[in-house]
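Engineer: Provided below are the primary sequence and the corresponding predicted coordinates.
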Amino acid sequence: MSITIYHNPDCGTSRNTLAMIRGAGIEPEVILYVQAPPDRDRLMELIDRAGLRVRDAIRVKDTPYFELGLDNAALSDAELIDAMLADPILINRPFVETPHGVRLCRPSEVVLDILPEALGIPFTKEDGEVIIDAQGHRV
């Protein structure tokens, strides 16, 4: 099975998502998107396939979002994409692509919507929150 995760190892949500994928016995293609961002077409495709608006795919926390004036509602999608490509930390994470679809996995358990193979396998997040209990039920 081919799975791709646009990952930031400094992000707990991204680490938890990657751990759920691996917990299902799948080794995904891991793209460290801050160092190797997707090109414009790929980024737009991920956003579209995830069912998001461009603005929904921008990370605000711990980024230069406000300093760059990206909160200006008059900015076009093209301008927002330009900003995300110029400074990839503005791309929200993690995007995951599986044969079942694409999602921005925030919170990390959103990955289960496109990774049914992980259902039934117990999983607890780094912070101790149980996502799939010992009986394999989603909590």
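Structural biologist: Good, I have the coordinates. Residues are numbered from 1 along each chain as shown.

Engineer: Distance from stretch 109-126 to the middle of the chain?
Structural biologist: 14 Å (Cα atoms, centre = their mean, to the nearest Å).

Engineer: Show the end-to-end separation of it, please.
Structural biologist: The straight-line separation of the ends of stretch 109-126 (Cα to Cα, to the nearest Å) is 12 Å.

Engineer: quick one, helices of the protein?
Structural biologist: Ranges of helices in the chain, per DSSP state H, are 12-23, 40-49, 77-86.

Engineer: quick one, which of those helices is packed in tightest?
Structural biologist: Ranked by mean neighbour count, the helices of the chain are led by helix 12-23 with a mean of 20 (mean count of other Cβ atoms under 10 Å). For the C-beta atoms, the positions are set from N, CA and C on the backbone; glycine is no exception.

Engineer: Just the pLDDT for the closest residue to residue 34 other than its chain neighbours.
Structural biologist: In space, and not counting its chain neighbours, residue 34 is closest to residue 88: 5.0 Å by Cβ to Cβ, 6 or more residues apart in numbering. Listed pLDDT for residue 88 reads 97.

Engineer: pretty sure residue 88 contacts residue 39?
Structural biologist: No. Residue 88 lies out of contact with residue 39 (Cβ atoms under 8 Å); the separation is 11.3 Å.

Engineer: Contacts for stretch 113-127, please.
Structural biologist: 1, 3, 12, 15-16, 19-21, 23-26, 96, 98, 100-103, 108, 111-112, 130-134, 136, 138 (Cβ atoms under 8 Å, 6 or more residues apart in numbering).

Engineer: one step back: okay if I get the helices of the chain as JSON lines plus distance to residue 71?
Structural biologist: Shown next, in JSON lines, are the helices of the chain (distance: least, Cβ to Cβ, whole Å):
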{"stretch": "helix 12-23", "distance to residue 71": "22"}
{"stretch": "helix 40-49", "distance to residue 71": "18"}
{"stretch": "helix 77-86", "distance to residue 71": "11"}
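
Engineer: out of those helices, nearest to residue 63?
Structural biologist: helix 77-86 (9.8 Å; Cβ to Cβ).

Engineer: distance of residue 3 from residue 128?
Structural biologist: Distance from residue 3 to residue 128, counting by Cβ to Cβ, to the nearest Å: 26 Å.
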